[in-house]
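S.K.: predicted coordinates and the sequence they were generated for:
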Amino acid sequence: MSQFRSGIVGKIRRHGGIIQNFSYLSVIQLVNLLVTLATYPFLIRVLGKEVFGLVVYAQAIITYLVVLISFGFQISATREVSIHRNDPRKLNEIFSSVLILKGLLFLASVGLLFLITLFIPQAREHKVLFLLSMFTCFYEFIFPFWFFQGIEKMGYLTLITLITKLTFFILIFLFIRSKKDYLLVPLFNGIGSVLAGVISIWIAVVREKVRFSFQPFHRLWHYFRESSALFVSNFANQVYVNANKVIVGLSLGMGEVALYDLAEKIVLAMKIPQNMLNQAIFPKIIKERNVAFSKKILLYSMVGQAAFFFLIVLTSSVLVLLLGGREMSQSTGLLRLLALTVPVNAISSFLGIQFLVAHGFKRLYTRVIVLSVVLYALMCTGLWVNGSISLISVILATIATEVFGLVAMMVMVGRRRLG
């Protein structure tokens, strides 16, 4: 009995960092989920399906600019910070370089927003909405999630998330009373973004003693180049993740965007545990390159994600009724279909991040993502030409893309004998 107990204690000590990181990430994601569950039904009932769909549509467009600012640093910068966490000079260099690059990319995104308002009719008609939605881009620029994840101090992120999400939650319920208040949604989100950015930078500088300094061009270029392959894969991945809402908005209307968004939000909630797991173990996998450990976690992930799939199918009608009301009942069928992506995406993302990227094969990972997006683009083009765009058809295109990505990841990992 004592040997068994000591074995358990030993495992906890060996994986203490992962357990702690996962616990903090669980709190962060739980807070995000609870705020969404509390505000979503309220907003969709107060704003109505069409207006709420417009807000979601703007967010989907702006997400492409967020990916530009992120530029893959959530992986590459986390990796660099994790490796050099005990070298203060190197940490200052990484922190400063990434922040400068993100700032330049943020300025570029502002210029791109101007072009968006010229060429997309809905953006031209609702310029203020799109401008306020840009606070999400500011959040991506100023909030160094990658830094705290790299040094494995997720407690800071938990505290900041609690403060900012609570602020957003209170403002939503205090001030939004009718459809005409829809601009307050991105505005209140922006207030939380600014608050999160200021607090996080203060913690990094004052508590973690990081020092910002301007970096020479060759050093900036180094970090930019290191992250470029991940940016391509991340952008390509987001193309089809957000493209469904953009395509639906352009061809079917904002009400359909709201229907699709409800189904997608529930599916994304079910993907949260896998995302947290990937983030929690990534620093460990980078340092140890322990393939046996990765295989064990992958097996647990497959079982867990299969359970999530059946949970969504069994409770879909209840979930849609609770979150969206009877007006959104059409989302039930969409949710059951979209739920197929939960286990497929979980396995493919794990193989890509923990086996390929962590072991230095990020270009292969990028190649798979790009090929998947090309397939998705060809399918959507065919649907557009044939006049077959519908909520069901774009979801089927998404499922086909995810399955292709999974098979390709399995092939790539198998060829490198990592799996």
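M.R.: Cool, the structure landed.
S.K.: quick check: next helix or strand after the helix or strand hosting Ala38?
M.R.: Under DSSP states H and E, the secondary-structure element containing Ala38 is helix 16-70. Per DSSP H and E, the first helix or strand lying C-terminal to helix 16-70 is helix 73-83.
S.K.: show me what that following helix is packed up against.
M.R.: Other helices and strands packing on helix 73-83, by 3 or more Cβ pairs under 8 Å, 6 or more residues apart in numbering; DSSP states H and E, are helix 88-119, helix 145-150, helix 217-251, helix 254-288. All C-beta atoms are positioned from the backbone trio N, CA, C, and that covers glycine.
S.K.: can I get the CA coordinates of the second one in PDB?
M.R.: Presented in PDB, the C-alpha positions along helix 145-150 are these (Å, rounded to 0.1, in the frame of the first residue of the first chain):
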ATOM      1  CA  PHE A 145      -0.200  34.900 -22.900                       C
ATOM      2  CA  TRP A 146       2.700  33.200 -24.600                       C
ATOM      3  CA  PHE A 147       5.200  34.600 -22.100                       C
ATOM      4  CA  PHE A 148       3.300  33.400 -19.000                       C
ATOM      5  CA  GLN A 149       2.700  30.000 -20.600                       C
ATOM      6  CA  GLY A 150       6.400  29.700 -21.400                       C
END
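S.K.: just checking, what packs against that helix?
M.R.: helix 73-83, helix 88-119, helix 155-175, helix 254-288.
S.K.: can you redo these as CSV with mean neighbour count?
M.R.: Putting the helices and strands packed on helix 145-150 into CSV (neighbours: other Cβ atoms under 10 Å) gives the following:
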stretch, mean neighbour count
helix 73-83, 23
helix 88-119, 17
helix 155-175, 17
helix 254-288, 21
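S.K.: can I get stretch 379-389 as PDB, trimmed to CA atoms?
M.R.: In PDB, the C-alpha atoms belonging to stretch 379-389 read as follows (Å, rounded to 0.1, in the frame of the first residue of the first chain):
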ATOM      1  CA  MET A 379     -15.100  22.400 -52.200                       C
ATOM      2  CA  CYS A 380     -16.600  25.800 -51.300                       C
ATOM      3  CA  THR A 381     -15.900  27.100 -54.700                       C
ATOM      4  CA  GLY A 382     -17.700  24.200 -56.200                       C
ATOM      5  CA  LEU A 383     -20.700  24.800 -53.900                       C
ATOM      6  CA  TRP A 384     -20.700  28.500 -54.800                       C
ATOM      7  CA  VAL A 385     -20.500  27.800 -58.600                       C
ATOM      8  CA  ASN A 386     -23.300  25.300 -58.400                       C
ATOM      9  CA  GLY A 387     -25.500  27.500 -56.200                       C
ATOM     10  CA  SER A 388     -25.400  24.800 -53.400                       C
ATOM     11  CA  ILE A 389     -24.300  27.000 -50.500                       C
END
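S.K.: in that stretch, which residues are buried?
M.R.: Neighbour counts over stretch 379-389 (16 or more other Cβ atoms under 10 Å) mark Met379, Cys380, Leu383, Ile389 as buried.
S.K.: now do stretch 305-322
M.R.: Neighbour counts using 16+ other Cβ under 10 Å place Gln305, Phe308, Phe309, Ile312, Ser316, Leu319, Val320 of stretch 305-322 among the buried residues.
S.K.: reformat these as TSV; add pLDDT and secondary structure.
M.R.: Rendered in TSV, the data for the buried residues of stretch 305-322 read as follows (pLDDT from 0 to 100; DSSP: H, G, I helix; E, B strand; the rest coil):
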residue	pLDDT	secondary structure
Gln305	82	helix
Phe308	82	helix
Phe309	87	helix
Ile312	87	helix
Ser316	91	helix
Leu319	89	helix
Val320	90	helix
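S.K.: returning to that earlier point: would TSV of the helices and strands packed on helix 145-150 with mean pLDDT and distance to Val344 be doable?
M.R.: As requested, those are arranged in TSV below (pLDDT from 0 to 100; distance: least, Cβ to Cβ, whole Å):
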stretch	mean pLDDT	distance to Val344
helix 73-83	85	21
helix 88-119	93	31
helix 155-175	86	28
helix 254-288	80	11
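S.K.: out of these, flag the one nearest Glu140.
M.R.: For the helices and strands packed on helix 145-150, the distance to Glu140 is smallest for helix 88-119, at 7.3 Å, taking Cβ to Cβ.
S.K.: tell me what that closest one is packed against?
M.R.: helix 16-70, helix 73-83, helix 121-125, helix 127-133, helix 135-142, helix 145-150, helix 217-251.
S.K.: can you give me the strands in the stretch 301-419 of the chain?
M.R.: If you assign secondary structure with DSSP state E, counting those that start in this stretch, the stretch 301-419 of the chain ends up with no strands.
S.K.: what stretches of it score poorly on pLDDT?
M.R.: Applying pLDDT under 70 to the stretch 301-419 of the chain flags residues 416-419.
S.K.: any idea how far Gly249 lies from Val67?
M.R.: Taking Cβ to Cβ, to the nearest Å as the criterion, Gly249 is separated from Val67 by 18 Å.
S.K.: returning to that earlier point: which among the helices and strands packed on helix 145-150 is found nearest to Val368?
M.R.: Taking Cβ to Cβ, helix 73-83 is the member of these nearest to Val368, at 14.9 Å.
S.K.: excluding chain neighbours, what is closest to Pro41?
M.R.: Nearest residue to Pro41 in three dimensions, chain neighbours excluded: Leu323, at 5.4 Å (Cβ to Cβ, 6 or more residues apart in numbering).
S.K.: I figured that neighbour hits Thr39, correct?
M.R.: No. Leu323 is not in contact with Thr39 according to Cβ atoms under 8 Å; the separation is 10.4 Å.
S.K.: before we move on, back to that, turn the helices and strands packed on helix 88-119 into a markdown table, including distance to Leu351.
M.R.: Formatted as a markdown table, the entries for these read as follows, by distance: least, Cβ to Cβ, whole Å:
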| stretch | distance to Leu351 |
| --- | --- |
| helix 16-70 | 19 |
| helix 73-83 | 15 |
| helix 121-125 | 37 |
| helix 127-133 | 33 |
| helix 135-142 | 26 |
| helix 145-150 | 20 |
| helix 217-251 | 13 |
